[in-house]
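>>> okay, here's the prediction I keep looking at, along with the sequence it came from:
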Amino acid sequence: MGLNNRIPAGELAQKWSTYKSTCKLVNPANKRSLDIIVVGTGLAGASAAASLAELGYSVKTFCFQDSGRRAHSIAAQGGINAAKNYQNDGDSVYRLFYDTIKGGDYRAREANVHRLAEVSGNIIDQCVAQGVPFAREYGGLLSNRSFGGTQVQRTFYAAGQTGQQLLLGAYSAQMRQVAIGKIKEYNRHEMLDVVTIDGKARGIIARNLVTGEIERHGAHAVLLCTGGYGNVFFLSTNAMGSNVTAAWKAHKKGAFFGNPCFTQIHPTCIPVSGDHQSKLTLMSESLRNDGRIWVPKKQGDTRKPNEIAEEERDYYLERRYPAFGNLVPRDVASRAAKERCDAGYGVGSSKMAVYLDFASAIERYGKTEATKQGKSNASKEDIIAMGKDVVKEKYGNLFEMYAKITGEDPYSVPMRIYPAVHYTMGGLWVDYELMTNVPGLYALGEANFSDHGANRLGASALMQGLADGYFVIPYTIGNYLADEISTPKINTNQVAFDEAEKAVTDRIHHFMNVKGTKSVDYFHKKLGLIMWNQCGMARNEQGLKQAIADIRALREEFWKEVRVPGTADSLNPELDKAGRVADFLELGELMCIDALNREESCGGHFREEHQTEDGEALRHDDKFMYVSCWENKGEQGWDLHKEDLVYDVIHPSQRNYK
Amino acid sequence: MEHTTINLKLKVWRQKNAQDSGRFENYDAKDISTEMSFLEMFDVLNERLINEGQDPIAFDHDCREGICGMCSMHINGRAHGPWQGTTTCQLHMRAFKDGETITVEPWRAKAFPVLKDLTVDRSAFDRIQQAGGYVSVNTGNAQDGNALPIDKDKADASFAAAACIGCGACVAACKNSSAMLFTSAKVSQYALLPQGQPERTTRVLNMVAQMDKEGFGACTNTGACEAECPKEISISNIARLNREYLSAQLSL
């Protein structure tokens, strides 16, 4: 099967406007009779569903949570990038495009990323119009802050709850369409297969998670907006329910999986505290604006942080990367933390943590505040108190969350942080129109692979999810559906639906009847450990080969030994989990195969065999300037197809943040 | 942080489905680390139940970082348990003493029927939002984000209301099962912003009407909702809703 990325011809900066002016259109009367299924109601799904319904299409949304508003986009903290240049600091569409390509270590598609940068400003406008309460300055205008991997202030935010506010904005738009009947919601439903007829996506099989009923839904197009697959590691910053199942079913029905090994390990998360741990909690990257990361200069130093004098501290990011300091991209910051801990400089009881310290920011803000209030002789205590108030306004909810989880007060003791799995840059392969190689099947947001290359910059996930949903899919889907206007409503009493439903019910029947001895979580935790140890922040050939063998063995054991209690015709969270973990057990193998194939280091993918003298990622552009597109061959494993990445405008070079 | 392990007795509401009448069952939770979250303690208990061939306890949860609003346990008579301003998922076992008995129930409200054990149906909240919790602006119609300066104090107050996570603790805490705090937070978010003005009148009337239709009770200003809200949404939003409602009625 050939891969056509359908990138329009012409100058990079003109491609999207040319596309929009020349793509096919569907007239309003025809839109009404075209059905679109949207799976997932996060930023990408909710924005797509609302926008498509506004255009007149008939939309159905599906989510496994009890309400669309729960999707994990809601947990995004720090912000959303947009090239508005409101700060007059030299930002532009080109710079956002350039930073994103460079941040992704030259493994993203130029045309997609340029389009993303172009529409970024529209997203902010749209969200403001919806009533999203962004942070503002005293003059009433929108406020910005800095994020990693950039030297301008282009991040818009709402305290440490930006994802929540943006999602609730998209959800409100979605609810408005539900109210007028243009969207029909299916909550507490899980998609368990894509149905294809004559090679085109024509619907899905879904399970009602409350009654266990298996349902058939037909449509002229299916959009997967189902997020990332970080939970393959068991411990990640993802929600407990986040899963790969929808994307994986699509993959098994022929959709290629792009760059599955590209995983983002976020540098600032609360460290693991014990075996009971069910998930990891992120401390927003925005904290690196004001927090300074350090470890003691002495190995194995057991003193409390406040007892360690300034000259005995190693602010290793500032030391190694003077130009970007604490604001280097995530992959660089994570590896640097691991390097210090592996070398014996880690802190806390596990020694697998570094400090994120706000003392100097508190003092700096306190002094500014004292000046503002005309208190030239304020005492040190007053200054600290005023500084704490400023920090509280900026990051209050994050500090509270840290205190609840750890029992420590981050206003007076530095936070302990360590990298954790956060985001997956890989995902379903899509063309410029966000369509997978299965016609009529689309992937939006984190579920696709296209915009972040080998490393995503902070505050770019929200941007991409909303760009895809609000501003890209409303145009590109018309280009496909224009040729479907004479296709009648999809009849779900067809062989393809019968077969897909039977496969789904057979599998459920199997889970219920294994009656093994081990819980689903037992297998999930084991898989997570294999992935973290061999396919995490550092990878090598031997470890990856071992991991592949271990995952295969674990998968075999899973199918023989898993125990799923309860029944299939009622609310049964263990059954839901079993299906998801079964898919993770296949995905994990593919991630290791992809990591093994990519014999270079780039962004978040670090092969120990390929590094520069000072430990930075060493790319091999001559051999790996391509997207790995994996085709599923069932029992025979996977075939690799390559989409060459062509850089017309940017000249890839060794990333330098020094 | 130092941690110890504690042993607890749990009294948990078990209910097979919406038709079942339900009852309390007792469980021992042994060797619980004080570093665990409350839901991790439930994970440990469920793992044991599965291993013993029993049906694990069904409960809603997802993000486990206090923002998705999915977790919903009534713990020792309080929505989300003993810690102020904290969701169940963020509640940690440090809050409890060795040997303590903990009673765990689902949200109790006519408008939130139990689906199974501790899981309830909160779709009524979605329908309240559908009745008017939005600004009618189609994608692509927006003017420049900075074309409309908004008083910082108003923007901040709007954000404080918009921080509601829609968990339903306010309803569970209220003796009347009123949804006024939830509804007023949404009404306030828009009432405080210029974007919300064109639909200001219809929004409040329609959302309140839907709230009544769903079977939520009336507000009698006892303040339990504010006290138990994990996001500390202010009860002043209810006062604002009442003002908005009154002036909307007068303008009819």
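Perfect, I can see it now. Residues are numbered from 1 along each chain as shown, chains lettered A, B, ... in the order given.

>>> look up the closest residue to whichever residue of the stretch 151-252 of chain B sits closest to chain A, ignoring the ones flanking it.
Distances between the stretch 151-252 of chain B and chain A by Cβ to the nearest Cβ are smallest at residue B:159, namely 3.9 Å. Where C-beta positions appear, they are placed from N, C-alpha and C, glycine not excepted. Nearest-residue entry for residue B:159: residue A:133, 3.9 Å, with adjacent residues in sequence omitted and distances by Cβ to Cβ, 6 or more residues apart in numbering or on different chains.

>>> check which helix or strand covers that neighbour.
In this structure, residue A:133 is located outside every helix and strand according to DSSP states H and E.

>>> okay, now it: neighbour count?
Taking other Cβ atoms under 10 Å in any protein chain shown as the criterion, the count of residues near residue A:133 is 29.

>>> so it is in contact with residue B:158, correct?
Yes - using Cβ atoms under 8 Å, residue A:133 and residue B:158 qualify as a contacting pair, with a distance of 4.3 Å.

>>> what is in contact with the two at once?
Contact criterion Cβ atoms under 8 Å, 6 or more residues apart in numbering or on different chains; residues shared by residue A:133 and residue B:158: B:189, B:193.

>>> that older thread, what does the pLDDT read for the residue of the stretch 151-252 of chain B closest to chain A?
pLDDT for residue B:159: 97.

>>> contacting residues around it?
With contacts taken as Cβ under 8 Å, 6+ apart, residue B:159 has the following neighbours: A:133, A:135, A:158, A:159, A:165, B:189.

>>> the stretch 101-250 of chain B: helices as residue ranges?
Counting by DSSP state H, counting those that start in this stretch, the stretch 101-250 of chain B has these helices, from start to end: B:123-130, B:152-162, B:169-173, B:180-191, B:200-213, B:224-228, B:236-250.

>>> what are the buried residues along the fifth one?
It stands for helix B:200-213. The neighbour-count check on helix B:200-213 (16 or more other Cβ atoms under 10 Å in any protein chain shown) flags B:200, B:201, B:203, B:204, B:205, B:206, B:207, B:208, B:210, B:211 as buried.

>>> check the fourth one too.
Neighbour-count burial for helix B:180-191, with 16+ other Cβ under 10 Å as criterion, is recorded at B:180, B:181, B:182, B:183, B:184, B:185, B:186, B:187, B:188, B:189, B:190, B:191.

>>> for chain B, give me its nearest residue in chain A.
Counting by Cβ to the nearest Cβ, chain A gets nearest chain B through residue A:140, at 2.9 Å.

>>> next, the contact list for that residue, please.
When contacts are taken as Cβ under 8 Å, 6+ apart, residue A:140 is in contact with B:149, B:150, B:151, B:152, B:155.

>>> again, but for residue A:533
Taking Cβ under 8 Å, 6+ apart as the definition of contact, the neighbours of residue A:533 are A:543, A:547.

>>> most remote residue from chain B's center?
Note on chain B: the largest C-alpha distance from the chain mean falls to residue B:147, namely 34.9 Å (Cα atoms, centre = their mean).

>>> if you could redo that for chain A, that was the one I meant.
Residue farthest from the centre of chain A, counting by Cα atoms, centre = their mean, is residue A:377 at 47.8 Å.

>>> return the residues of the stretch 201-350 of chain A in contact with chain B.
Taking Cβ under 8 Å from any Cβ of the partner chain, the part of the stretch 201-350 of chain A that reaches chain B is made up of A:210, A:239, A:240, A:241, A:273, A:274, A:276, A:277, A:278, A:279, A:281, A:282.

>>> list buried residues within these.
A:210, A:239, A:240, A:241, A:273, A:276, A:277, A:278, A:279, A:281, A:282.

>>> now those as CSV including secondary structure?
What follows is those, written out as CSV (DSSP: H, G, I helix; E, B strand; the rest coil):
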residue, secondary structure
A:210, coil
A:239, coil
A:240, coil
A:241, coil
A:273, coil
A:276, coil
A:277, coil
A:278, coil
A:279, coil
A:281, coil
A:282, strand
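
>>> adding pLDDT, write the residues you listed out as CSV.
Formatted as CSV, these follow (pLDDT from 0 to 100):
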residue, pLDDT
A:210, 98
A:239, 98
A:240, 98
A:241, 98
A:273, 86
A:276, 90
A:277, 93
A:278, 95
A:279, 94
A:281, 94
A:282, 92
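
>>> count the neighbours of residue B:44 for me.
By the other Cβ under 10 Å criterion, the neighbourhood of residue B:44 contains 19 residues.

>>> how about the nearest residue to it, chain neighbours excluded?
Closest to residue B:44 by Cβ to Cβ, 6+ apart is residue A:276, at 6.2 Å.

>>> check contacts around residue A:485.
Listed by Cβ under 8 Å, 6+ apart, the contact set of residue A:485 reads A:26, A:30, A:33, A:34.

>>> give the next helix or strand downstream of the helix or strand where residue A:524 lies.
Here residue A:524, judged by DSSP H and E, is contained in helix A:520-535. Counting by DSSP H and E, the next helix or strand C-terminal to helix A:520-535 is helix A:541-561.

>>> how much space between the residue farthest from the centre of chain A and residue A:360?
Taking Cβ to Cβ, to the nearest Å as the measure, residue A:377 and residue A:360 are separated by 21 Å.

>>> show me how the record splits chain A into domains.
With automatic domain parsing serving as the domain definition, the record reports that chain A contains domains spanning A:265-421, A:500-625.

>>> among the ones you listed, which comes closest to residue A:11?
When the domains of chain A are ranked by distance to residue A:11, counting by Cβ to Cβ, first place goes to domain A:500-625 at 21.5 Å.

>>> nearest residue to residue B:54 in space, please, no chain neighbours.
Distances taken as Cβ to Cβ, 6+ apart place residue A:565 nearest to residue B:54, at 7.2 Å, with adjacent residues excluded.

>>> and the one you found, how far from residue A:523?
Relative to residue A:523, residue A:565 is positioned 15 Å away (Cβ to Cβ).

>>> what's around residue A:560, how many residues?
Burial measure for residue A:560: 11 neighbouring residues, criterion other Cβ under 10 Å.

>>> so what pLDDT did it get?
Confidence per residue is given as pLDDT, and for residue A:560 that number is 97.

>>> drop anything exposed from the contacts of residue A:140.
Burial of the contacts of residue A:140 was assessed by neighbour count (16+ other Cβ under 10 Å); the buried members are B:150, B:151, B:152, B:155.

>>> quick one, what contacts residue A:40?
Applying Cβ under 8 Å, 6+ apart as the definition, the contact partners of residue A:40 turn out to be A:62, A:63, A:71, A:224, A:225, A:226, A:227, A:246, A:445, A:447.
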